[in-house]
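Trainee: only the shape, not the letters, is given here:
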């Protein structure tokens, strides 16, 4: 007789997925800022400077009132000194015991020559020349180079660790499949078209 039932078992099915651990390094960023300061060239030149002072020359031609009074005062002092010296010299001669015609003649000649010297009126004008001075030429050159500044900004790197992982997935659950593989069952059995009566001997 053939079996009427077929039993099939379905095993469990598991899928395993693993992820390895990893260590990642993130590089630091670097920024650079460049600033420039412009220089320049400066040239300062001063030519020679001539100074001409004609004060004394102009005063000799047309003196100011203060200079005129000062000159006359000096002339008065000079005349007084000269007269004092003349009278002193003549007095010493007069003290001598012998007075004669020669002494009187000498006094007359000295007085006449003095008048000639003082009343001639010859003079050089202007008495003084112009005073000339000068300041030397000057040149200053100032050069300044361009300035460049570089500023670095560096960020530190960082490490990132990712741990490992194991993932289990049940893709098929276990099961038992029972299947009837026999033919149909008739009730009563005589309804089976292939029914064959069973001989029963008494």
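Mentor: Thanks, I have the structure now. Everything quoted here is computed from the prediction, not taken from an experiment.
Trainee: ok, longest helix in this protein?
Mentor: In terms of residue count, the longest helix belonging to the chain (DSSP state H) is helix 65-94.
Trainee: what's the distance between it and the middle of its chain?
Mentor: Its chain's C-alpha centre and that of helix 65-94 lie 75 Å apart, by CA atoms, centre = their mean, to the nearest Å.
Trainee: got it, and stretch 12-21?
Mentor: Worked out by CA atoms, centre = their mean, stretch 12-21 lies 66 Å from the chain centre.
Trainee: what's the average pLDDT for that stretch?
Mentor: Averaging pLDDT along stretch 12-21 gives 90.
Trainee: next: stretch 182-193.
Mentor: The pLDDT scores in stretch 182-193 average 78.
Trainee: and residue 37, how many neighbours does it have?
Mentor: Counted with other CB atoms under 10 Å, the neighbours of residue 37 add up to 10. The way it works is simple: take the backbone N, C-alpha and C, and place the C-beta from them, glycine included.
Trainee: surely residue 169 is in contact with residue 17?
Mentor: Yes. Assessed by CB atoms under 8 Å, residue 169 is found in contact with residue 17 at 6.9 Å.
Trainee: for the longest helix of the chain, packing partners?
Mentor: helix 101-119 (3 or more CB pairs under 8 Å, 6 or more residues apart in numbering; DSSP states H and E).
Trainee: could you point out which residue ranges in the chain have low pLDDT?
Mentor: Judged by pLDDT under 70, the chain has its weakly predicted residues at 1, 61, 87-129, 199-202.
Trainee: please enumerate the strands of it.
Mentor: For the chain, the strands defined by DSSP state E cover 5-10, 13-19, 22-26, 30-37, 40-46, 49-53, 131-135, 138-144, 147-154, 158-162, 165-172, 175-180.
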